[in-house]
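1. here are the coordinates; sequence isn't available:
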């Protein structure tokens, strides 16, 4: 085993923590007040690669302008709608951008999470929009206060809850 191999392997192991890397991008963006193009594209691609060409078509100046403006808006609906002005960005991707930017106050919205909340009567909608994003965010923040944790940890719990519910439905005897 060569020294070069172990050095490269260590780098791959460290870089495997993609969420940790993206959290670092969010921290840098929060310090500056905006995402640069590389950070923006990496986070968007982490959430979904379906809009890859749209993300890649965006100029850095547009990403800086829109994300910088959005992060200075206090109204949550206006903030997410501003991020959705960027080509290829929908509510789910915008929620990821906000979550990495400010993980203490935001959480990613995704269908498995909304299904669990709906099943337990905490939300009464199915379609994800900027209106329902505000309701979702309030629900997640309330749960995070009640559970004394971050919104992101609440979402992790919702994903786990969803997986376990699916397993019980599909394999009731296990």
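-> Yes, it's here. Please read all numbers here as calculations on a predicted model, not as lab measurements.

2. Counting by contacts, list what the biggest helix by length in the chain packs against.
-> Across the chain, the longest stretch assigned as helix under DSSP state H is helix 151-170. Where contact means 3 or more Cβ pairs under 8 Å, 6 or more residues apart in numbering; DSSP states H and E, helix 151-170 is packed against helix 111-119, helix 130-147. C-beta: built from backbone N, CA, C; applies to glycine.

3. who wins for proximity to residue 173 among those helices?
-> Closest to residue 173 of the helices and strands packed on helix 151-170 is helix 111-119 (Cβ to Cβ; 21.7 Å).

4. now that closest one: mean pLDDT?
-> Mean pLDDT, helix 111-119: 93.

5. For that helix, list every residue counted as buried.
-> By neighbour count on 16 or more other Cβ atoms under 10 Å, the buried set for helix 111-119 is 112, 113, 114, 115, 116, 117.

6. May I ask which two of those residues are separated the most?
-> Between all members of these, the farthest pair (by Cβ to Cβ) comes out as 112 and 117, at 10.0 Å.

7. Mutual contacts of the two, please.
-> Listed as contacting both residue 112 and residue 117 by Cβ atoms under 8 Å, 6 or more residues apart in numbering are residue 158.
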